[in-house]
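Asker: just coords:
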């Protein structure tokens, strides 16, 4: 999607209510606007409909090509008008250096990956903002002692209490502040949990929030690499002494498919 916009001299959008509802169309046109591409809006379909919301903002002030009249005469006339405007308008895209361009592609990928499949019906999706649950910090030593008590209680068939009774009341941590608890110069956060508890959703949520500018705007790039991707079949062993670099991982995960 972003490659198509990047290589285009002019971007023509054919606006309908369905186009306005499409998240992919929204990301595509927003990227074109950000890159300074010439946008030619064409409107068709329901004569009573007008673009609003994000689409209205992007195309405001632009001269629409009206394709609502589906007569052969009008279609031929408007097609010639569209071709003429494409030829007349030279590209004015803002030049980005290659790293910035690649960063934008990764940011777009995170924005597109903003939904989670439902387990019972993968065809239906839930917004990641509706699925995310805030975290609470539990000290490692305290957690290990508590888990040992739980195991002992389970062996003795004792009745276990509620989460609060087991772990105590913990302070909820806002994602944007998660590194504030780190005192070392290199800040590391290890997220632990059973399979299916939401570790991947947490990481996906962080990537999406960064991509939308909601958190950590001071960082030019955030990389999300699922550990399940780091397999021997995906990354065959290299010659003795050679190792995969972070650049290799990013290139493989985001720019080489298949």
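Answerer: Looks like it came in fine. The shown structure was predicted, so the numbers you read here are calculated from the model rather than taken from an experiment. Numbering: from 1, shown residues only.
Asker: CA atoms for contacts and neighbours, from now on please.
Answerer: Noted.
Asker: Please enumerate the helices of the stretch 151-258 of the chain.
Answerer: 163-167, 199-211, 246-250 (DSSP state H, counting those that start in this stretch).
Asker: Now for residue 44, how many residues are close by?
Answerer: Close neighbours of residue 44, defined as other C-alpha atoms under 10 Å, add up to 18.
Asker: What of residue 129?
Answerer: Using other C-alpha under 10 Å, residue 129 has 13 other residues around it.
Asker: and the gap between the nearest residue to residue 24 once chain neighbours are set aside and residue 249?
Answerer: Distance criterion C-alpha to C-alpha, 6 or more residues apart in numbering; nearest residue to residue 24, sequence neighbours excluded, is residue 112 at 7.0 Å. Distance of residue 112 to residue 249, given as C-alpha to C-alpha, to the nearest Å: 20 Å.
Asker: tell me which element residue 13 falls in.
Answerer: Applying DSSP states H and E as the criterion places residue 13 in strand 10-15.
Asker: Same question for residue 74.
Answerer: Per DSSP H and E: helix 72-88 holds residue 74.
Asker: Run the chain-centre distance for the helix or strand following that helix.
Answerer: Downstream of helix 72-88, the next assigned helix or strand under DSSP H and E is helix 98-112. Relative to its chain's centre, helix 98-112 lies at 9 Å (C-alpha atoms, centre = their mean, to the nearest Å).
Asker: What lies in contact with whatever helix or strand comes next after helix 98-112?
Answerer: Under the assignment DSSP H and E, the closest C-terminal helix or strand after helix 98-112 is strand 115-117. Contacts of strand 115-117 with the rest of the structure, by C-alpha atoms under 8 Å, 6 or more residues apart in numbering, involve 123-128, 131.
Asker: Where does pLDDT dip in the stretch 151-258 of the chain?
Answerer: Where the stretch 151-258 of the chain drops to pLDDT under 70, the residues are 151-172, 257-258.
Asker: any chance you could map the strands in it?
Answerer: When assigned using DSSP state E, counting those that start in this stretch, the strands of the stretch 151-258 of the chain occupy the ranges 172-173.
Asker: picking that back up, starting from the strand holding residue 13, tell me which strands it pairs with and how they run.
Answerer: Paired with strand 10-15 in the same sheet, following DSSP bridges, are strand 38-43 (parallel).
Asker: Give me the residue at the spatial middle of the chain.
Answerer: Centre of the chain computed as the mean C-alpha position; nearest residue by C-alpha atoms, centre = their mean is residue 110, 1.8 Å away.
Asker: Do I have it right that that one meets residue 206?
Answerer: No. With contact defined as C-alpha atoms under 8 Å, residue 110 does not count as touching residue 206 (9.4 Å).
Asker: can you count the residues close to residue 174?
Answerer: By other C-alpha under 10 Å, 11 other residues sit near residue 174.
Asker: let me redo that: residue 36
Answerer: Neighbour count for residue 36, taken as other C-alpha under 10 Å: 15.
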